[in-house]
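K.L.:
would you be able to build a 3D model of this:
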Amino acid sequence: MLYDFSKRMLDILGSAMGLIILCPFFLIIAIAIKLNSAGPVFADIPQRVGRKGKLFRMYKFRSMVEGAQEMLNSDPDLLKKYKQNSYKLSIDEDPRITGVGKFIRKTSIDELPQLINILQGEMSLVGPRAYYPFELEEQQVKHPHSRKYVKIILSGKPGLTGLWQVSGRSEINFDQRVKMDARYIQKRSILYDFRILLKTIPAVISGRGAV
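P.N.:
Residues are numbered from 1 along each chain as shown. Sure thing, here's the model as predicted:
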């Protein structure tokens with residue numbers, strides 16, 4: 001299919017150029033993370049669901065304290081709030097986020113290492129946001145009608161940016177998000193991808209819905 005071939009070529013070119021250009025910047029961010037708190041540069045997060053349900057490790061700069069997942073699981077109140085809020089917490093209400101972490105999350109800098117995932121073919125520059133396996137499992141039980149949308153979503157690769165990311169992010173709940181992601185997959189085209197990429201810049205600058 002011409003679209004798939006063209007999209008993959010753009011992904012390879014875009015991610016390779018991005019990694020080369022941003023390499024010095026990545027080094028500065030890595031040093032800042034290490035100086036700010038103990039732990040690795042990259043976040044140790046649960047695997048995400050990729051195309052056709054295949055699990056993969058998403059690369060992200062660490063924005064939380066080491067052992068953040070264990071800290072969440074051991075705090076019943078925080079965990080309840082996290083699940084009730086469609087598996088996310090705002091930057092200001094999440095006690096696990098470090099000082100540097102607040103900045104890189106607000107500006108979405110923490111997401112940039114996903115260029116590695118794109119180059120490896122696990123992700124695309126534009127696509128649905130990658131979901132956690134447990135998130136899909138529990139939310140489909142809660143919203144049974146979402147199953148048809150999830151099936152459509154998993155026919156494509158998750159993206160570094162996408163329709164959800166430029167439309168409010170955390171302000172959009174799971175029910176709305178899967179409809180939005182499925183609509184992207186059904187409507188996708190190279191021109192549509194470019195439109196989303198252009199919308200990404202103001203969305204990042206505004207920080208709207210950042211988590």
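K.L.:
okay, strands next: where are they in the chain?
P.N.:
If DSSP state E is used as the criterion, the strands of the chain fall at 48-49, 55-56, 124-126, 159-161.
K.L.:
now the ones you listed as CSV including distance to Ala16 and mean pLDDT?
P.N.:
Where C-beta positions appear, they are placed from N, C-alpha and C, glycine not excepted. Shown next, in CSV, are the strands of the chain (distance: least, Cβ to Cβ, whole Å; pLDDT from 0 to 100):
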stretch, distance to Ala16, mean pLDDT
strand 48-49, 22, 96
strand 55-56, 19, 97
strand 124-126, 11, 96
strand 159-161, 14, 94
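K.L.:
which of these sits most buried?
P.N.:
strand 124-126 (a mean of 27; mean count of other Cβ atoms under 10 Å).
K.L.:
other residues contacting that one?
P.N.:
7, 10-11, 14-15, 118, 156-162, 193, 196-197 (Cβ atoms under 8 Å, 6 or more residues apart in numbering).
K.L.:
one more: stretch 77-87?
P.N.:
With Cβ under 8 Å, 6+ apart, stretch 77-87 has contacts from 71-73, 88-89, 93, 95, 132, 135, 138-139, 170, 173-174, 177.
K.L.:
can you pick the most crowded of those residues?
P.N.:
The most neighbours of any of the contacts of stretch 77-87, using other Cβ atoms under 10 Å, belong to Arg177, which has 23 neighbours.
K.L.:
list the contacts of the closest residue to that one other than its chain neighbours.
P.N.:
Using Cβ to Cβ, 6 or more residues apart in numbering and skipping the chain neighbours, the partner closest in space to Arg177 is Trp164 (5.3 Å). By Cβ under 8 Å, 6+ apart, the contact set of Trp164 is Pro128, Arg129, Ile172, Arg177, Met180, Asp181.
K.L.:
same check, this time on Ala30
P.N.:
The contact partners of Ala30, by Cβ under 8 Å, 6+ apart, come to Val41, Phe61.
K.L.:
and if we set it to 7 Å?
P.N.:
Ala30 is in contact with Val41, counting by Cβ atoms under 7 Å, 6 or more residues apart in numbering.
K.L.:
distance of it relative to Phe42?
P.N.:
In this view, Ala30 and Phe42 are 9 Å apart by Cβ to Cβ, to the nearest Å.
K.L.:
out of the strands of the chain, nearest to Arg105?
P.N.:
Arg105 sits nearest to strand 159-161 of all the strands of the chain, at 14.9 Å, using Cβ to Cβ.
K.L.:
who are the packing partners of that closest one?
P.N.:
strand 124-126, helix 190-206 (3 or more Cβ pairs under 7 Å, 6 or more residues apart in numbering; DSSP states H and E).
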